[in-house]
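**Student:** Quick one, fold the following:
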Amino acid sequence: MAEHESTPQLDSLVASARSAMASASERTSFELPYAPPDHCPNPVVEPFDKIRGYLLGASGLLLLLTTLALSSGLHARAQASLLDTSLVHSVLWPALAIALVLSAAFSLRSDQLSARRQRIISIYSIPATALMACAITLASGFMPVGAAILATIASLLSLYGVLQLNKNTARNRLERWATDAPISFFAGASMVYALQLWFAAAGWHDGEHGIQAALITAGISVAAGAFAHSERGRHALASGYGICMIAAAIQGWLKDSAPLWVCAVWIFMALLVFLMAENRRFQISHAEHRAQRGKTVEF
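**Tutor:** Numbers count the residues shown, from 1 in each chain. As a prediction, this is how the structure comes out:
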């Protein structure tokens, strides 16, 4: 049988195939379209790690007790605002406080106690939760200006915490649910509640200020949409913001305290934030699939 003689074209094809196989075997990972999870071992546990977890749990309990004890005052304060979210706040805030307490318990686990992302996020979640409890206390005492200031600070702290989550990606699904979701949902709900208190402080409680309320709400919704278009906790933030905004629209329509077109704007803004979160999910999924196929990530 005659031996096959190699040709320059055949040698070139074989060399190209071998090079492609070698490069594919060496490529054990691909560039993610977001900050990759940090799988390095956790730092050594320090005494403040446990204190941090206890403080988060204490702030969550403070928020829970405050919302349960002052729910009637919270409802009364909401009636003085054009943006009335009392339809869900009497249930939402206690449930959110319980979620934060459970998040604190999760942070005390052995694999989370000294985790870098837990150390970073707690710096913002602890004061944000405590300040929101103080804001609800002032709101129930009909001190809207002070309550609005504290609620705004709490909202800004929680939003900055969400930014830190984007820099420290969760390592597994449990971290996303137990750490990212509570503070992100808190951030979205606190944005609406702070807006509600500012409307009350300004004396906007009827349809005469519908245009101003709609414009300001649209501006805040753009900011909420920008955060919902990030990586971590985007759906939880959009849910907190959207639920409160839709509840305000329903409340305004049922009690005829807000013009129908303003209620429609609020619902549209809530849906816009949801769409921003879902659009980001699609972008990340598409970019991950392109990276896995070895293509450039246009992100």
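
**Student:** could you point out which element follows the helix or strand encompassing Q251?
**Tutor:** According to DSSP states H and E, Q251 maps onto helix 234-254. Scanning the chain past helix 234-254 towards its C-terminal end, the next helix or strand to appear is helix 260-292 (assignment: DSSP H and E).

**Student:** circling back to that earlier point, quick check: mean pLDDT of the helix holding Q251?
**Tutor:** Helix 234-254 shows an average pLDDT of 94 in the prediction.

**Student:** Look up the closest residue to Y124, ignoring the ones flanking it.
**Tutor:** Distances taken as C-beta to C-beta, 6 or more residues apart in numbering place G161 nearest to Y124, at 3.6 Å, with adjacent residues excluded. Where C-beta positions appear, they are placed from N, C-alpha and C, glycine not excepted.

**Student:** Give me the helices and strands touching the helix holding Q251, please.
**Tutor:** helix 86-107, helix 181-201, helix 210-228, helix 260-292 (3 or more C-beta pairs under 8 Å, 6 or more residues apart in numbering; DSSP states H and E).

**Student:** ranking those helices by burial, who's on top?
**Tutor:** helix 181-201 (a mean of 27; mean count of other C-beta atoms under 10 Å).

**Student:** Report all helices and strands that it contacts.
**Tutor:** helix 71-78, helix 86-107, helix 116-140, helix 144-167, helix 210-228, helix 234-254.

**Student:** For the second one, name the packing helices and strands.
**Tutor:** Think helix 86-107. Contacting helix 86-107 under the criterion 3+ C-beta pairs under 8 Å, 6+ apart are the following elements: helix 47-69, helix 71-78, helix 116-140, helix 181-201, helix 234-254.

**Student:** what comes up buried for the third one?
**Tutor:** Pointing back at helix 116-140 there. By neighbour count, and taking 16 or more other C-beta atoms under 10 Å as the criterion, the buried residues in helix 116-140 are 117-119, 121-122, 124-140.

**Student:** what pLDDT, on average, does that helix get?
**Tutor:** In this model, helix 116-140 carries a mean pLDDT of 94.

**Student:** tell me the angle of that helix relative to helix 86-107?
**Tutor:** Angle between the axes of helix 116-140 and helix 86-107 is 150 degrees (criterion: axes from the mean of the first three to the mean of the last three C-alpha atoms, to 10 degrees).

**Student:** list the helices and strands helix 116-140 packs on?
**Tutor:** Counting contacts by 3+ C-beta pairs under 8 Å, 6+ apart, helix 116-140 is packed against helix 47-69, helix 71-78, helix 86-107, helix 144-167, helix 181-201.

**Student:** Which one, of those helices, ends up nearest to P37?
**Tutor:** The closest approach between P37 and any of these, judged by C-beta to C-beta, belongs to helix 144-167 at 11.4 Å.

**Student:** Tell me the buried residues in the closest one?
**Tutor:** Counting neighbours by 16+ other C-beta under 10 Å, one finds that the buried residues in helix 144-167 are 144, 146-159, 161-162, 164-166.

**Student:** Can you name the next helix or strand after that helix?
**Tutor:** Using DSSP H and E, the helix or strand that follows helix 144-167 towards the C-terminus is helix 173-175.

**Student:** and stretch 87-101, how far from the chain's centre?
**Tutor:** 15 Å (C-alpha atoms, centre = their mean, to the nearest Å).

**Student:** Can you pull out the residues in contact with it?
**Tutor:** Applying C-beta atoms under 8 Å, 6 or more residues apart in numbering, the set of residues contacting stretch 87-101 from outside is 56-57, 59-61, 63-64, 67-68, 71, 74-75, 78, 125, 129, 136, 181-183, 185-186, 189, 193, 240, 243-244, 247-248, 250-251.

**Student:** was I right about S190 contacting L150?
**Tutor:** No. The pair formed by S190 and L150 falls short of the contact definition of C-beta atoms under 8 Å, at 10.4 Å.

**Student:** Show me the common contact partners of these two, please.
**Tutor:** By C-beta under 8 Å, 6+ apart, the residues touching both S190 and L150 are M132.

**Student:** For the helices and strands packed on helix 116-140, give me JSON lines that also has distance to G207.
**Tutor:** Listed next are the helices and strands packed on helix 116-140 as JSON lines, based on distance: least, C-beta to C-beta, whole Å:
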{"stretch": "helix 47-69", "distance to G207": "29"}
{"stretch": "helix 71-78", "distance to G207": "17"}
{"stretch": "helix 86-107", "distance to G207": "18"}
{"stretch": "helix 144-167", "distance to G207": "20"}
{"stretch": "helix 181-201", "distance to G207": "12"}
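
**Student:** Cool, thanks, talk later.
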